[in-house]
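1. Just need the structure, nothing else, for what follows:
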Amino acid sequence: MLRPLLARRPGRRTVILVLLTALITLAAVAALRGPEYDEGYTVFVTAGTPRPAWPSVPFRAGAVRHYFRGGAAPGRIVTLLRRTDVHPPLYFWLAAAWRRMVGFGLLRLRLLSVLLSLLALGAVGAIAAEAGLPPAAAMALTLGCYGFAYTGAVARGFALAQALSVGGVWLLLRAARRDRAWSALAGGLALGAAGFSNYLAVFVGCAALLWLFAAELRRPALWLAAGVGFLLFLPGDFFFFLAQRDSRIGQFAPFATGPAVARLARDAAAAILGGLPLYLSGVGRVAAEMVLAFGLVALVLLIAGRWRHIGMRGTRTLFAMAALAPPAGLVVLGLVFDTRPFEIRYLAFALPFLALLAAGAFAATRGGGKWLGLMLAVQAAAVAGLAVMPQTMQPQGVTARAAAARAGPDGLVLLPRGNDGVGVVGAFITAAPDWLHVLIVRDTTAEAAIRARAAPYPRVILAMLGVDASSRATLPHLLGAFQGARCWRQADRESHIIVFIRTCRTHQGSAVHHGAFTHF
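-> Next up, the predicted model:
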């Protein structure tokens, strides 16, 4: 059954089936997962308002939808990114154009990442064919990686950077095999553009260029052309990076060797085989981490044991360098800036090249089809969990739906503003119905003021979303404003929401109006 996947020249139907499976899988992940913190930055920057001026009084969710729409011009995006973000502009330019063309919903924006990920998978298959590896198996293994499926469906710049990185490596490989300087130049440009989409993609670009230089030392036209194409984007990278370098200080914990190595190993295993340890706690988490660690070690040993039989000579070195470059680069960043910048999504750039090595190892192993089937089954279960398990998702979306169900048309939801009013509020409002009444609360808002604004409502639902430093600091104020307060009684408590009922009548009666905002 899996034999066609391990063929070095698979039929067109096999490749189409893999791509169709990828389309369905990634589209399902995009449709089923709740909105995320970082996606708010994408939406608001491309809409031209990176930090919306949320009302200071209760409002209906539908009254602020205009902040989520609109398309900023490229020059405006440049200014906003340099002032308010930590990313280069290429993805944001493309996303703004895409939104003007297809509309402003989050799912529509995520579909851009899905299409870019399909291009990346096509490039993986092209690399495999160029290197004498089974293309369909390499594509299927890449798709099955938890980190690839996640970054391939989220509305961020990872998918564009991934497609450009893999495409750039394919062009360099073709240049080396066919002695074509124009292909080398195109490959360098693609790798440079990948870094202009996400800074971390630079690690793969540097590894690929270093391989080309070492492999083609006697053909300087190739590596010079590739280097020129890559270097053309570096001034732009520095133009943005130098302006943004102090934007997210404190985002990660300080570097410590032991915890850093453990976190990197855990996230690497999760990126390939599934993020199950992130969903569990206690003994279950430890057991899951051990299973994933065993799977990662077994995969590495398989690749090492079949090393000489993986593809054409020289190409396996390229794939190994490209797979090791992202984790090694993150370690260097951690040492230089005294942080632990290790996350599954940051390791996603290594996954296509690890999948290429794994596909070659399975093809060179007796009974490799069975082992390939086992790995794909594990990956499929992990990706299914990514799509449907609430534990794998951020809580803003499910909290918005639960709060709306408890609030009804005459209740009020109190929502922490968070660090800058983007990650918490943006994701919550995205999932909230238009009629839901919301009050955004800062961490400096006095408890008496919170009660005064909530007094006309018969029910108050506290959205206990502590997903950044400021929102965590706000939660005690939300709870303190009502717990034990006169005229308020706690009626229920669920995951991330607490319901309070007003027990005293007010001479104002109901303050719920049908206008855009409710003032007191």
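2. pretty sure residue 485 contacts residue 450?
-> No: judged on C-beta atoms under 8 Å, residue 485 makes no contact with residue 450 at a distance of 9.9 Å. Any C-beta I mention is one placed from the backbone N, CA and C, and that applies to glycine too.
3. Name the residue in those two with the higher neighbour count.
-> Each of residue 485 and residue 450 has its neighbours counted (other C-beta atoms under 10 Å); residue 450 has more, 22 against 14.
4. any idea how far the residue most central in space within the chain lies from residue 193?
-> Computing the C-alpha centroid of the chain and ranking residues by C-alpha atoms, centre = their mean puts residue 151 first, at 4.4 Å. Relative to residue 193, residue 151 is positioned 17 Å away (C-beta to C-beta, to the nearest Å).
5. go on, residue 379?
-> 29 Å.
6. The two - which one has more neighbours?
-> More neighbours surround residue 193 than the other of residue 379 and residue 193, with 25 against 22 (other C-beta under 10 Å).
7. Need the nearest residue in space to the more buried one, chain neighbours excluded.
-> Leaving aside its sequence neighbours, residue 193 sits nearest to residue 164 (C-beta to C-beta, 6 or more residues apart in numbering; 5.0 Å).
8. Please determine how far the one you found is located from residue 331.
-> 24 Å.
9. Make sure residue 492 is indeed in a helix.
-> No: applying DSSP: H, G, I helix; E, B strand; the rest coil, one finds residue 492 to be strand, outside a helix.
10. related to what we said a few turns ago, mind listing what the residue nearest to the centre of the chain touches?
-> 113, 117, 158, 159, 162, 345, 348 (C-beta atoms under 8 Å, 6 or more residues apart in numbering).
11. Scan the chain for its longest helix.
-> Secondary structure of the chain per DSSP state H: the longest helix is helix 106-131.
12. now for that one, which elements pack on it?
-> With contacts taken as 3 or more C-beta pairs under 8 Å, 6 or more residues apart in numbering; DSSP states H and E, helix 106-131 sits against helix 12-32, helix 39-47, helix 90-102, helix 135-144, helix 146-151, helix 158-178, helix 315-337, helix 351-363.
13. chain center to that helix: distance?
-> 15 Å (C-alpha atoms, centre = their mean, to the nearest Å).
14. Could you tell me the angle between it and helix 39-47?
-> Relative orientation of helix 106-131 and helix 39-47, computed by axes from the mean of the first three to the mean of the last three C-alpha atoms, to 10 degrees: 100 degrees.
15. Helix 106-131: which residues count as buried?
-> Within helix 106-131, the residues scored as buried using 16 or more other C-beta atoms under 10 Å are 106-107, 109-131.
16. about what we covered before: of the helices and strands packed on helix 106-131, which is nearest residue 472?
-> Residue 472 lies closest, by C-beta to C-beta, to one member of the helices and strands packed on helix 106-131: helix 39-47, at 17.7 Å.
17. Next secondary structure element downstream of the closest one?
-> Moving toward the C-terminus from helix 39-47, the next helix or strand (DSSP states H and E) is strand 59-60.
18. Check the average confidence over that following strand, would you?
-> Mean pLDDT, strand 59-60: 97.
19. go on, stretch 381-398?
-> Stretch 381-398 comes out with an average pLDDT of 94.
20. buried ones in it?
-> For stretch 381-398, burial by neighbour count (16+ other C-beta under 10 Å) applies to 382-387, 392-398.
21. Tabulate those (CSV), appending secondary structure and distance to residue 222.
-> Shown next, in CSV, are the buried residues of stretch 381-398 (DSSP: H, G, I helix; E, B strand; the rest coil; distance: C-beta to C-beta, whole Å):
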residue, secondary structure, distance to residue 222
382, helix, 39
383, helix, 38
384, helix, 43
385, helix, 44
386, helix, 40
387, helix, 42
392, helix, 43
393, coil, 45
394, coil, 45
395, coil, 50
396, helix, 49
397, helix, 48
398, helix, 52
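22. Pipe the residues you listed into a markdown table and attach distance to residue 50 per row.
-> As requested, the buried residues of stretch 381-398 are exported to a markdown table (distance: C-beta to C-beta, whole Å):
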| residue | distance to residue 50 |
| --- | --- |
| 382 | 34 |
| 383 | 32 |
| 384 | 35 |
| 385 | 33 |
| 386 | 28 |
| 387 | 29 |
| 392 | 28 |
| 393 | 24 |
| 394 | 20 |
| 395 | 23 |
| 396 | 18 |
| 397 | 21 |
| 398 | 26 |
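23. Residue 446: how many residues sit nearby?
-> By other C-beta under 10 Å, neighbour count at residue 446 equals 10.
24. Check the one 5 residues further on too.
-> Taking other C-beta under 10 Å as the neighbour definition, residue 451 ends up with a count of 18.
25. Ok, residue 380 next?
-> Residue neighbour count, defined by other C-beta under 10 Å, stands at 16 for residue 380.
26. you'd agree residue 243 is up against residue 82?
-> Yes: contact status for residue 243 versus residue 82: in contact at 4.2 Å, counting by C-beta under 8 Å.
27. Show me where the stretch 201-350 of the chain dips below the pLDDT cut-off.
-> For the stretch 201-350 of the chain, applying pLDDT under 70 flags the ranges 246-251.
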